[in-house]
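A.B. asks: Here you go, sequence then predicted model.
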Amino acid sequence: MKKILFALVLALPVVFWSSSCTKPTLVGSELLNQDEADLRFTDTLTLRAQTIREDSIQTFNLDNPFNSFPCGFFQDPLLGTVRAEIYAQFREGSLDPPLFENPRLDSLVLSLAIDTLGTYGRFNEPYEFEVRRSVEELDSEAEYFSDQTFDLDATVLGSKVDEVDLEQVDSFVLNVQGEKAGTRFVEIRLDDQLGMDMFDTTWYEEGAFIEQLRGLHISIANSTPPEGILYFDMNADFTRLRLFYRNFTAEPDTVPSVYDFTISGVTIPRHVFLEHDFSTGIVEEFFDDPSLGDSLVFIQSMAGPNVELDIPHFGELGNIVVNKAELEFFAAVLPTDNELVYPADLQLIVAAENEDGELLVIDDVLLNALAFGGAPVEEEVDGQMMIKYNMNIAAYLNTLLADGRATSPKLILRSAFKQERSNRLVLFGPGHSRFPAKLNLTYTNIEN
């Protein structure tokens with residue numbers, strides 16, 4: 001599948017998660033004389049759906065930076081396993097170079113700030129962290145995708161077994177309101193030799209530091225995958241390399257000192273490698289099968305699956321203007337799932353190929369994300385509370401009509417924040433007996 005272009009979508013997260021009581025506008029209705037218009041509605045137009053694989057997702061680009069990265073070896077009961085490994089490059093801190101006067105090492109510690117909004121699943125067992133050096137340099141001007149790996153030094157620089165407690169707060173800092181705000185982070189002590197090597201002042205000459213430490217690789221070494229996956233904020237102040245040392249200026253007096261190597265800033269490269277194994281989940285049998293997609297389809301963040309939609313008979317409606325077009329889906333909870341641990345709370349978007357074959361987010365999302373929808377909403381149906389997703393695609397369909405490309409529209413339904421979240425979602429397909437996916441279409445037939 002083609003790589004999707006997301007630069008503009010990332011500017012919209014606040015809009016996506018806002019709510020409004022604004023009534024939708026009938027797109028195109030102001031263009032028509034009502035004496036010449038024939039307004040119609042249908043919700044029975046054929047809709048086909050199937051679960052499809054993702055090729056890879058973008059993880060780093062100077063024009064399209066991400067802050068939150070998954071790290072773990074995660075077992076999902078429906079989607080199989082995911083291995084997420086972080087590559088990160090650190091730079092010299094604010095003191096350049098640090099002041100070394102007969103220094104003695106205390107420790108070199110890698111600190112990783114946890115993004116508690118990104119963490120997903122269940123956390124009830126130890127996580128075994130491992131850190132290695134990257135043999136290859138990460139390029140700040142490169143564009144990386146989730147299938148990219150780098151050669152590593154075989155030596156483990158540091159490791160730690162940590163009982164991750166997301167309710168625990170390790171440190172308090174003041175937020176912008178001056179109130180105490182907690183930051184949860186993981187600390188891993190690295191090899192002392194690397195810390196002592198950093199006392200060499202030639203490391204701090206222009207461009208030399210990256211040659212000496214080209215990058216770090218952070219992974220989870222658990223042999224059995226946990227049921228939760230961690231996210232680290234790789235642009236946070238608490239994500240850093242901290243060198244603890246003492247300057248022995250006059251025996252026996254010592255001066256304790258700290259020097260931080262930073263990763264914050266959009267120009268410093270960081271990347272996540274993602275490897276999905278769907279064979280251990282039920283999703284495997286649903287790939288590229290419209291007959292199974294008629295009942296269930298699967299969507300997952302990271303490099304997980306998307307849903308392909310086809311409206312094969314749309315072009316048979318003739319000379320029309322679309323006033324309103326709303327895709328409607330209901331979330332499914334399967335017997336083997338746990339909706340409290342894996343909630344159906346994805347923000348969805350729609351993408352489609354343009355005339356050049358590029359896969360782009362449709363204009364309905366970019367022009368008015370709030371009117372587009374795509375957020376989960378609770379709704380009671382026949383006495384049962386359901387999670388429902390509605391997405392307005394009228395502008396896109398009208399563009400196809402204007403360009404003469406409306407024969408059989410194909411759309412891609414996917415998570416809006418694939419790079420920075422792990423959530424997934426199961427939806428009922430168009431053939432479900434009680435909660436079928438459908439297209440609610442209001443259109444105007446124009447006389448020739």
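C.D. replies: It's in. Numbers count the residues shown, from 1 in each chain.
A.B. asks: so where is this protein shaky, pLDDT-wise?
C.D. replies: 1-37, 94-96, 165-183, 250-253, 447-448 (pLDDT under 70).
A.B. asks: okay, now residue 54: neighbour count?
C.D. replies: Burial of residue 54 is recorded as 23 neighbouring residues (other Cβ atoms under 10 Å). Every residue, glycine included, has its C-beta placed from N, CA and C.
A.B. asks: Secondary structure element for it, which one?
C.D. replies: Using DSSP states H and E, residue 54 sits in no helix or strand.
A.B. asks: ok, it touching residue 306?
C.D. replies: Yes: between residue 54 and residue 306 a contact is recorded at 5.9 Å, counting by Cβ atoms under 8 Å.
A.B. asks: so residue 232 is in which element?
C.D. replies: If you go by DSSP H and E, residue 232 is part of strand 228-233.
A.B. asks: After that strand, which helix or strand is next?
C.D. replies: Per DSSP H and E, strand 228-233 leads on to strand 240-250 as the next helix or strand towards the C-terminus.
A.B. asks: Tell me the helices and strands packed up against that next one.
C.D. replies: Judged by 3 or more Cβ pairs under 8 Å, 6 or more residues apart in numbering; DSSP states H and E, the packing partners of strand 240-250 are strand 103-113, strand 253-262.
A.B. asks: what's the offset of the helix of greatest length in the chain from the middle of its chain?
C.D. replies: Longest helix in the chain, counting residues (DSSP state H): helix 394-403. In this view, helix 394-403 has its centroid 29 Å away from the chain centroid, taken as Cα atoms, centre = their mean, to the nearest Å.
A.B. asks: Can you tell me what sits against it?
C.D. replies: The contact list for helix 394-403 (Cβ atoms under 8 Å, 6 or more residues apart in numbering) reads 27-28, 314, 320-325, 350, 352, 355, 362-364, 367, 406, 409, 411.
A.B. asks: run the last query once more with 7 Å
C.D. replies: Residues from elsewhere that reach helix 394-403, judged by Cβ atoms under 7 Å, 6 or more residues apart in numbering: 27-28, 320-325, 352, 362-364, 367, 406, 409.
A.B. asks: Can you classify residue 195 as helix, strand or coil?
C.D. replies: helix (DSSP: H, G, I helix; E, B strand; the rest coil).
A.B. asks: mind listing the strands in the stretch 51-200 of the chain by residue range?
C.D. replies: 58-60, 68-76, 80-88, 103-113, 120-121, 126-134, 144-145, 152-163, 171-174, 180-183, 185-189 (DSSP state E, counting those that start in this stretch).
A.B. asks: For my notes, please list those in a markdown table and give distance to residue 293 and mean neighbour count for each entry.
C.D. replies: Shown next, in a markdown table, are those (distance: least, Cβ to Cβ, whole Å; neighbours: other Cβ atoms under 10 Å):
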| stretch | distance to residue 293 | mean neighbour count |
| --- | --- | --- |
| strand 58-60 | 26 | 23 |
| strand 68-76 | 19 | 24 |
| strand 80-88 | 18 | 22 |
| strand 103-113 | 39 | 19 |
| strand 120-121 | 24 | 22 |
| strand 126-134 | 35 | 19 |
| strand 144-145 | 26 | 18 |
| strand 152-163 | 39 | 13 |
| strand 171-174 | 47 | 10 |
| strand 180-183 | 42 | 14 |
| strand 185-189 | 40 | 18 |
